[in-house]
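J.: structure, please.
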Amino acid sequence: MNIKRAKEEIKNTVKAYLAKDEYGNYRIPNLRQRPILLIGPPGIGKTQIMEQVAGECKVALVAYTITHHTRQSAVGLPFIQKKVYDGREYSVTEYTMSEIIASVYDKIELTGLKEGILFIDEINCVSETLAPTMLQFLQYKSFGNKKIPEGWIIITAGNPPEYNRSVRDFDTVTLDRVRKIDIEPDLASWREYAYKQGIHGSIISYLDIRKENFYRAETTPDGTFFVTARGWEDLSEMIITCENLNIPVTEDLVIQYIQYNSIARDFANYYELYNKYKQIYSVKEILKGNITQNAIAKIGRAPFDEKLNVIGLLLSSLNDKFKVVYQMDLYVERLFNCLKEWKQQIFESEAGVPEVLLKNLMEVEEGKLTWLKESGQSTKTDIIVSNRIGGSLKRYAEELNNKMVKEPERAFEVIKSLFDEETGRHKELITETGNALEYVFEFMETAFGESQEMVFFVTELTVNFYSSKFIGEYGSEMYTKYNRSLLFEERHMDIMEEISKL
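T.: Coordinates of the predicted model:
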């Protein structure tokens, strides 16, 4: 099963386990809610899908790596308790609450969410002393004599033995108490995630051509060499930061993330070519509609892998624009709702000073973001949009203060003018991005016509989260034209097969 299918399986499980009958009782009793056991290679994205599922299902998330725990921290510390049985007093050993269970209650207190996911990673790497505790945990959903709160779903994960020498095989008794899901690396599923996360275009383009290098592990007499999805994602973050700071991306840097020498060297060389093609073909100018005959002629003579590199560059540049529009859409919509609430407040009798009310809304936004972070539901987009809204509300309040505006009518006029500037920039951004898409289509049409390269381009626009959102919201005549005329789904398979043979 690939990671995308596993995520859907987990989401369905959360919905099923949290479903209640007409009396408010869980339809599946706690005892019958089998924990899920995800088994897959390291760095495949198991933790990330837990965060996504928690956010999409609106439940809290507590995540632990069990190998970081001793028996005492997992079960709790013993202490002597006096108890009376049949009229006689006895000294009885009790245990303090497990740190893990205490974290669940802490999360409930912080977020107010009484339902959630308890994710335990590397569960099949526990020590001999913790093994019985894990069996008790999986069977009875408790550590020591303290149970996991009702409404909390247990999901565990581990690596196959070929990736970790510390792995312990679960016996039949244990496996009969879990729902085991085996996950395999799958580039197609990861690419959808990569587009949404903003993975650097050079990595997506490289893996289109060298898909066999997406996930590999090999043990030789010289050592263990590996490359994982986590490695590519972390490398992407570093590349983006290095480019912003004008720091060179070298083979020595790449190999720190892609710990498979030949693949690291191959990607480092590809990255140089990627940047070279960016200059040769003047990608920025193409997005502005400045298409030269020289670029058309050169791409026409280029080998297939070079054509894919250039298309990857164009898609990456467009994706950056689509992502900015998506975030701007959310920002303008949420800011409008904030200001709508503020307008209602300032025109209420004795509601307060307009400037102060703006600052109150700013604090509310900050509180919402803190709640999302605490509950494990925040995304990069949530953080960017919330910070931007908070910054705008602060700037608006300062504007009212500087102009010493206290009257509601005048305050509304000032803020409306500022917000109109925001919506104006929003419209300009949409127009600019739509034009860039049409210009790239013109380049593709002139250079390739209805070829396999055009099929690849249209298919990528279709599967890319941000481009599909933009086109669905604002349309594209050229996309509609080629989406109808090309049987891109069938032909895309042939293209990807050809790529794999390069």
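J.: quick one, what contacts V227?
T.: Neighbouring residues of V227 by C-beta atoms under 8 Å, 6 or more residues apart in numbering: N213, F214, Y215, R216, A217, I258, Q259, Y260, I263, A264. All C-beta spots, glycine's among them, are computed from the backbone N, C-alpha and C.
J.: I'd like to know which helix or strand in the protein has the lowest mean pLDDT.
T.: Between all helices and strands in the chain, the lowest mean by mean pLDDT, DSSP states H and E belongs to helix 488-500, at a mean of 55.
J.: now intersect the contacts of V227 with the helices, please.
T.: Using DSSP state H, the members of the contacts of V227 that fall in helices are I263, A264.
J.: out of the contacts of V227, which one sits closest to Y26?
T.: Nearest to Y26 out of those is Y215 (C-beta to C-beta; 37.6 Å).
J.: residues contacting the closest one?
T.: Listed by C-beta under 8 Å, 6+ apart, the contact partners of Y215 are P41, G43, I44, P185, L187, V227, T228, A229.
J.: so where's the stretch 351-500 of the chain uncertain?
T.: Low-confidence regions of the stretch 351-500 of the chain, defined here as pLDDT under 70, cover residues 351-352, 485-500.
J.: can you tell me the SS state at V92?
T.: Using DSSP: H, G, I helix; E, B strand; the rest coil, the secondary structure recorded for V92 is strand.
J.: so what's the nearest residue to K7 once chain neighbours are set aside up against?
T.: By the measure of C-beta to C-beta, 6 or more residues apart in numbering, the closest residue to K7 outside its immediate chain neighbours is I49, 4.4 Å from it. Applying C-beta under 8 Å, 6+ apart, one finds that I49 lies in contact with I3, A6, K7, I10.
J.: quick check: the last one touching I155?
T.: Yes. I10 is within contact range of I155, at 6.6 Å (criterion: C-beta atoms under 8 Å).
J.: which residues do the two both contact?
T.: With contacts taken as C-beta under 8 Å, 6+ apart, the residues that reach both I10 and I155 are I36, M50.
J.: next, the buried residues of the helix or strand hosting K469.
T.: Secondary structure assignment for K469, by DSSP states H and E: helix 465-474. Along helix 465-474, these residues count as buried under the neighbour rule (16 or more other C-beta atoms under 10 Å): F465, Y466, S467, K469, F470, I471.
J.: any idea how far S468 is from the residue lying closest to the third one once chain neighbours are set aside?
T.: Pointing back at S467 there. Computed as C-beta to C-beta, 6+ apart, the closest residue to S467 that is not its neighbour in sequence is L461, at 4.5 Å. Using C-beta to C-beta, to the nearest Å, one obtains 7 Å as the distance from L461 to S468.
J.: for L287, same thing?
T.: Remark: distance between L287 and S468 (C-beta to C-beta) = 19 Å.
J.: doesn't V104 belong to a helix?
T.: Yes. Residue state for V104 (three-state DSSP) corresponds to a helix.
J.: look up the closest residue to the residue nearest the centre of the chain, ignoring the ones flanking it.
T.: Nearest to the geometric centre of the chain sits Q197, at 5.7 Å (C-alpha atoms, centre = their mean). Computed as C-beta to C-beta, 6+ apart, the closest residue to Q197 that is not its neighbour in sequence is E233, at 6.9 Å.
J.: what about the strands in the stretch 1-150 of the chain?
T.: Under the criterion DSSP state E, counting those that start in this stretch, strands of the stretch 1-150 of the chain are mapped to 36-39, 60-65, 78-85, 88-95, 116-121, 142-143, 146-147.
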